[in-house]
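Enquirer: Sequence first, then the predicted structure, then my questions.
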Amino acid sequence: MRQDRLARLRSKMAAEELEAFVVLDLLNVRWLSGFTGSSGACVVTSGEEILFTDGRYRIQAGEECPGWELRISNEPLAAQIGGFLARCGPVRAGFESDVMTCEQLEQLSKAAPEAVLDGRKGFVSEMRAVKDAEEVERIRRAATVTDEAFRRILPHIRPGITERDVALELTYALGKSGAERESFPGIVASGPRSALPHARPTDRRLGEGEPVLLDFGAAVDGYAADITRTLFIGKPAAQLAEIYEIVLKAQEAALAAIRPGASGVDVDGVARRIITEAGYGDCFGHGLGHMLGLDVHDGPALSPRSAVILQEGMVVTVEPGIYIEGVGGVRIEDDVVVTADGCEILTRSPKDLRILEP
């Protein structure tokens, strides 16, 4: 698979008349080479693929990056890369303009004064938008682990436990279910705090009749899952039960609209119209979803401003929500892969209105 990725990158470089490309974003480095260390960069030319890192990762890089030339040094990465480019003469080298710092660019320019440095935003990261079969399988495994963690956390959700303790139990449940780590710091928000889309867990104690919003995910083999479920401890208030059904209807309609060629704006609009027509348009203040992959936000969003046109192999979240200040909120989120004729839902946790016994 990685040879295919290198071939795609080289084809793109040739089309842009670039003789070399410098990759500093660690997720892009991993995607191309397999290297998982915390310090590294790579340079790809028409005939070479070179990984630059330091002495801490000599053994690891050799194990993770078969076939790659390794350059091990404790010099700054930009200086190492500049030294390589200097030996190439007046080479036209692209670099990630949205990643490289001003200091790194200065080091690179100083070390390779003859190189023509050409900044390109998103040059490699955009290539990660469409997942190959191996990547989809890793996300599928992450989704399965996330579903299992959801099953494990349910007995812990009861009146009197704090949001923070639920979050700790959730982290443990993810690990016991097979996650290598959380894909992002989980959200646990109860009662009126569930109206905060990105609430952090606090020492607030869960109470009867309240919503409990859980937003979390597993990372497996580097790839992320991301799910949200909203539960109720005892019978919810009528308004909360109403908005739950609206959000569920909006999500199901958006899922049905996903297919190759659909735009992010249009899919977002399907869900947003349902919520707006129900009278809660002003209470849905974020986009419908985002791409998933090596990062939990692995590319552009599905939103009213989205430029995304869906393609087979893209993996996205679908997560409409309604949030009412002082009352509470509901969000329902699943992960899906775009297929030839629609989408496959990867997260399978039940999402009918769920009332837990207090």
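Expert: That came through fine. Numbers count the residues shown, from 1 in each chain.
Enquirer: Just give the number of residues close to the nearest residue to Met291 once chain neighbours are set aside.
Expert: Leaving aside its sequence neighbours, Met291 sits nearest to Gly299 (CB to CB, 6 or more residues apart in numbering; 3.6 Å). C-beta coordinates here come from the backbone N, C-alpha and C atoms, glycine included. Neighbour count of Gly299, defined by other CB atoms under 10 Å: 19.
Enquirer: For Gly299, give me phi and psi.
Expert: Backbone geometry at Gly299, expressed as degrees, to the nearest 10, gives phi 150, psi -170.
Enquirer: For it, give me its contacts.
Expert: Shown in contact with Gly299 (CB atoms under 8 Å, 6 or more residues apart in numbering): Ser125, Glu126, Arg128, Ala129, His290, Met291, Gly293, Val308.
Enquirer: The same query, at a cut-off of 10 Å, please.
Expert: Counting by CB atoms under 10 Å, 6 or more residues apart in numbering, Gly299 makes contact with 122, 125-126, 128-130, 290-293, 308, 314-316.
Enquirer: ditto for Pro320
Expert: 228, 246-254, 268, 270-272, 274-275, 284, 286-289, 330-333.
Enquirer: what about the residue lying closest to Ser303 once chain neighbours are set aside, which SS state?
Expert: Among residues not flanking Ser303 along the chain, Gly287 sits closest, at 3.0 Å (CB to CB, 6+ apart). Following DSSP: H, G, I helix; E, B strand; the rest coil, Gly287 is assigned to coil.
Enquirer: what's near enough to touch Gly287?
Expert: Going by CB under 10 Å, 6+ apart, the list of residues near Gly287 reads 264-265, 268, 271-272, 300-306, 317, 319-320.
Enquirer: So which of the residues you listed belong to helices?
Expert: Members of the contacts of Gly287 lying in helices (criterion: DSSP state H): Gly264, Val265, Asp268, Ala271, Arg272.
Enquirer: Run a quick neighbour tally on the third one.
Expert: Think Asp268. 26.
Enquirer: what about the closest residue to it other than its chain neighbours, how many residues close to it?
Expert: For Asp268, ignoring the flanking residues on the chain, the nearest one in space by CB to CB, 6+ apart is Leu288 at 4.1 Å. Residues near Leu288, counting by other CB under 10 Å, number 28.
Enquirer: What values do phi and psi take at Leu288?
Expert: Torsion angles, degrees, to the nearest 10, at Leu288: phi -70, psi -30.
Enquirer: which of the contacts of Gly299 are buried?
Expert: 122, 125, 128-130, 290-293, 308, 314-316 (16 or more other CB atoms under 10 Å).
Enquirer: Take these and keep only those in strands.
Expert: Assignment to strands by DSSP state E places the following of the buried ones among the contacts of Gly299 there: His290, Val315, Val316.
Enquirer: Put the buried members of the contacts of Gly287 into a PyMOL selection.
Expert: Only the buried entries of those go into this PyMOL selection, using 16+ other CB under 10 Å:
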select buried, resi 264+265+268+271+272+300+301+302+303+306+317+319+320
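Enquirer: which one of the contacts of Gly287 is nearest Ser183?
Expert: Thr317 (11.2 Å; CB to CB).
Enquirer: if you skip the residues just before and after it, what's nearest to the closest one?
Expert: Thr317 sits nearest to Gly289 (CB to CB, 6+ apart), 4.0 Å away.
Enquirer: The one you found: neighbour count?
Expert: For Gly289, using other CB under 10 Å, the count is 27.
Enquirer: That one contacts Asp226, correct?
Expert: Yes: the criterion here is CB atoms under 10 Å, and Gly289 meets it with Asp226 at 9.1 Å.
Enquirer: Spell out which residues are contacts of both of those two.
Expert: Common neighbours of Gly289 and Asp226 (CB under 10 Å, 6+ apart) are Thr317, Glu319, Glu333, Asp334, Asp335.
Enquirer: Nice, that's everything, thank you.
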